[in-house]
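**Q** Sequence below, structure please.
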Amino acid sequence: MSDHLPTDRRRPPRSDGAAQGDSRVLRQAMWAVLAIAVIGLSLFAGSLVFGGTSGGSPSAESTVEPMTSAPAPPSSPAPSSSSPATPQPTAESMTTFLDDYLRDVSDDPATAWGSLTPGFQRTSGGFAAYREFWAPIAGAEPADVEADPEARTIAYDVTYTYADGHTTQDSTRLTLAYENGTYRISGEG
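**A** Alright, predicted model coming up:
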């Protein structure tokens, strides 16, 4: 009866099928063992990287013996791994910005101009008017600086020294914009 079936529908002899089935099972077993080995190595490597010791390469002692001292607090690396640390305004950094700005207005007006926001540049009447205002001033020395990082304002007294040697004093309050660790002057008054 099997002779009447088309040749492509006949079953191969039993010994060939058993051999093919055995090799298929063997290949599947090899892939399973390989997958388990990869997962195991990944878990081991992860434990070394994320849960390992605080110094250098892991040693047999550090993995066998229990820890006798408290581990470093996990809060130290957590902020840097969860989100990049964004610098926040500080009174010190605001004062440093003011010192740099007042030095630049007489030494390098173009650099100082870049320390103003575009809106405050327009309010200042453009670069030509800004440069004309600062041209006769040889230096500006701040005193009694009070920086408020929350309000982003900095108030100070300033002594302007002119090119001809005379001085004047003024009190000023600047409003600062702060973005990506950089200050810019956004207002005055």
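
**Q** how close does V158 sit to T90?
**A** As judged by CB to CB, to the nearest Å, V158 and T90 stand 21 Å apart. Bear in mind the C-beta positions are built from the backbone N, C-alpha and C, glycine included.

**Q** For these two, indicate the residue with more neighbours.
**A** Higher neighbour count among V158 and T90: V158, with 17 against 11, using other CB atoms under 10 Å.

**Q** and after the helix or strand hosting the more buried one, which helix or strand comes next?
**A** Element membership for V158, per DSSP states H and E: strand 153-162. Downstream of strand 153-162, the next assigned helix or strand under DSSP H and E is strand 167-179.

**Q** quick one: contacts for F133?
**A** Listed by CB atoms under 8 Å, 6 or more residues apart in numbering, the contact partners of F133 are S124.

**Q** Check it and give its pLDDT.
**A** Listed pLDDT for F133 reads 94.

**Q** Same check on the one 3 residues further on?
**A** With respect to pLDDT, P136 has a value of 96.

**Q** Give me the neighbour count for it.
**A** Other residues close to P136 by other CB under 10 Å number 12.

**Q** again with T153
**A** When neighbours are defined as other CB under 10 Å, T153 has 15 of them.

**Q** all helices of the protein, in order?
**A** Applying DSSP state H to the chain gives helices spanning 14-51, 60-64, 78-82, 91-107, 109-113, 118-123, 127-134.

**Q** Surely G181 is in contact with P89?
**A** No: counting by CB atoms under 8 Å, no contact exists between G181 and P89, whose distance comes to 9.2 Å.

**Q** Of the two, which one has the most company?
**A** Using other CB under 10 Å as the criterion, G181 and P89 rank with P89 on top: 19 against 10.

**Q** List phi and psi for the residue lying closest to that one once chain neighbours are set aside.
**A** Nearest non-adjacent residue to P89, counting by CB to CB, 6 or more residues apart in numbering: P149, 4.0 Å away. Main-chain dihedrals, P149, degrees, to the nearest 10: phi -60, psi -30.

**Q** Do I have it right that P149 meets T95?
**A** No: in this structure P149 lies outside contact range of T95 using CB under 8 Å: 10.5 Å.

**Q** burial of A112, as a residue count?
**A** 20.

**Q** likewise S124?
**A** S124: 15 surrounding residues under other CB under 10 Å.

**Q** The one 5 residues further on now?
**A** Using other CB under 10 Å, the number of residues around A129 comes to 10.

**Q** For the nearest residue to D99 once chain neighbours are set aside, give me its contacts.
**A** Nearest in space to D99, with sequence neighbours left out and distances taken as CB to CB, 6+ apart, is P142 at 6.8 Å. P142 makes contacts with L98, D99, L102, Y156, D157, V158, as judged by CB under 8 Å, 6+ apart.

**Q** just T161 next, same as before
**A** Here T161 is in contact with I137, A138, G139, A140, E141, T167 (criterion: CB under 8 Å, 6+ apart).
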